[in-house]
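Asker: Need coordinates for the below:
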Amino acid sequence: MSDTIHHQVVIVGGGTAGITVAAQLTRSWLHRRDVAVIEPSDKHYYQPLWTLVGAGLAKKESTERAEASVIPRRVTWIQDAVAEFLPEQNAIRTRDGRTVTYDWLIVGAGLQINWDKIPGLKESIGKNGVCSNYSYATVDSTWEAIRNFRGGNAVFTNPSGAVKCGGAPQKIMYLADDRLREAGVRDKSKIIYASALPNIFAIERYKATLERVVARKQIECRFRHELIEIRPDAKEADFKNLDTQETVTIPYDLLHVTPPMGPPSFIANSPLADKHGWIDVDKDTLRHIRFANVFALGDCSNLPTSKTGAAIRKQAPIVVRNVLAAMQGQPLTAKYDGYTSCPLVTGIGKLVLAEFNYKKEPDETFPVDQSKERWSMWILKRYLLPLFYWYGMLKGRM
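Answerer: The predicted model follows:
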């Protein structure tokens, strides 16, 4: 296949970011816009619920929909993958050999999970207590490992660098603690949180609460410890102490791994990338630093905020408003303030709803103290946010 096709607006990525923007651009019949989405996958996932799936509190099947069902009606779906960006030519080359040209390009292609970066990880997942919530294929392994756990070391990791929802690596740990207590094996267990970060959370208002949660649950935190290798035959995990550079070995009976993540290779190797491989955009307008007809949002961008679906919910209307202004030759007046949110599950029926901006200042939605653990916020995450996602965000309504 070697044909060339053209669309007014091309969106790369049919995940949360791409579909939300596509829906907002085409929702009104008054503005007939020619929009195409390039997305190879035939499945779409609501990933925030995987934390609860891993704790046996939700079914993973409820997080999956056919990609065709979320593509907006007036959007062309190009079921293909991007092989190369050619921004100087306003063009993209695809894996199948097509050339797609555009007037405006919006990239919302997510990030890439690098399972191969930790020796021993890929071949260990799903076996002998090694598990991970970070893919649809592996999330069931977490609940399997937790419910079969009979005591010993339960180790939960958090890498350096960007990850999907910075709080997620610790959420499953708090839920596992509750599950082990229910099973009557918590007194035979040591829970260890081995994180490459220097503390439990970056925002002081929520950090104080989480420190109390860790103390209450008697969790041993080893900060500045990065997982570098798994030796499944010995059931040992090697960590680098990032302060001393020494290797620390921790034996495990359960090991939940948050794998290293980074920009997708087809972005990192493109002219759109910054020196770290993320798409280089203005943090306020979300327009590309060098290519005026290119915008980006979500996990693939270099925006200095947490990579969450809640951030995308705020970024999408900024992108849409600024693309429409740019089409008319008008100034880009819509500004993104860095808002993001992390619903921090601290146990079954308990949640701290962290919301903050670029300045790391709390930017809260509800007229209550969101730094406290609340059952109401648990209900929001478990039941309401999935509905808001499928029937709100992806339909361009919020």
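Asker: Identify the residues contacting residue 90.
Answerer: Under the criterion of C-beta atoms under 8 Å, 6 or more residues apart in numbering, the contact partners of residue 90 comprise 101-103, 105, 293. C-betas here are computed from N, CA, C, even on glycine.
Asker: Can you read off the pLDDT for it?
Answerer: For residue 90, the pLDDT comes out at 98.
Asker: same question, residue 229
Answerer: Residue-level pLDDT assigned to residue 229 equals 98.
Asker: burial count for it?
Answerer: Residue 229 has 15 neighbouring residues, counting by other C-beta atoms under 10 Å.
Asker: hang on, it packs against residue 119?
Answerer: Yes: using C-beta atoms under 8 Å, residue 229 is in contact with residue 119, at 4.6 Å.
Asker: show me the contacts for residue 392.
Answerer: Counted by C-beta under 8 Å, 6+ apart, residue 392 has contacts residue 398.
Asker: so where is this structure shaky, pLDDT-wise?
Answerer: By pLDDT under 70, the low-scoring segments of the chain are 1-2, 29-31.
Asker: what residue is smack in the middle of this protein?
Answerer: The C-alpha lying nearest the average C-alpha coordinate of the chain belongs to residue 164 (C-alpha atoms, centre = their mean; 2.7 Å).
Asker: Now the spatially closest residue to that one that is not a sequence neighbour: phi and psi?
Answerer: Excluding its sequence neighbours, the residue lying closest to residue 164 (C-beta to C-beta, 6 or more residues apart in numbering) is residue 307, at 5.7 Å. For residue 307, the backbone dihedrals (degrees, to the nearest 10) come out as phi -90, psi 100.
Asker: Residue 307: neighbour count?
Answerer: 20.
Asker: buried sites along stretch 69-84?
Answerer: 70-72, 74-75, 77-82 (16 or more other C-beta atoms under 10 Å).
Asker: Also stretch 168-185?
Answerer: 168-180, 183.
Asker: Residue 393: which of these is nearest?
Answerer: Checking the buried residues of stretch 168-185 against residue 393 with C-beta to C-beta, the nearest one is residue 168 at 18.8 Å.
Asker: How about the closest one: what's its closest non-neighbour residue?
Answerer: Excluding the flanking residues, the one nearest residue 168 by C-beta to C-beta, 6+ apart is residue 51, at 6.0 Å.
Asker: Tell me if I am right that the one you found is in a helix.
Answerer: Yes: under DSSP: H, G, I helix; E, B strand; the rest coil, residue 51 sits within a helix.
Asker: number of nearby residues for it?
Answerer: Applying other C-beta under 10 Å, we find 25 residues neighbouring residue 51.
Asker: go on, residue 136?
Answerer: 15.
Asker: now swap in residue 46 and tell me
Answerer: Residues near residue 46, counting by other C-beta under 10 Å, number 17.
Asker: ok, now which ones touch it?
Answerer: Shown in contact with residue 46 (C-beta under 8 Å, 6+ apart): 62-63, 65, 386, 389-390.
Asker: Find the nearest non-adjacent residue to it, please.
Answerer: Excluding the flanking residues, the one nearest residue 46 by C-beta to C-beta, 6+ apart is residue 63, at 4.5 Å.
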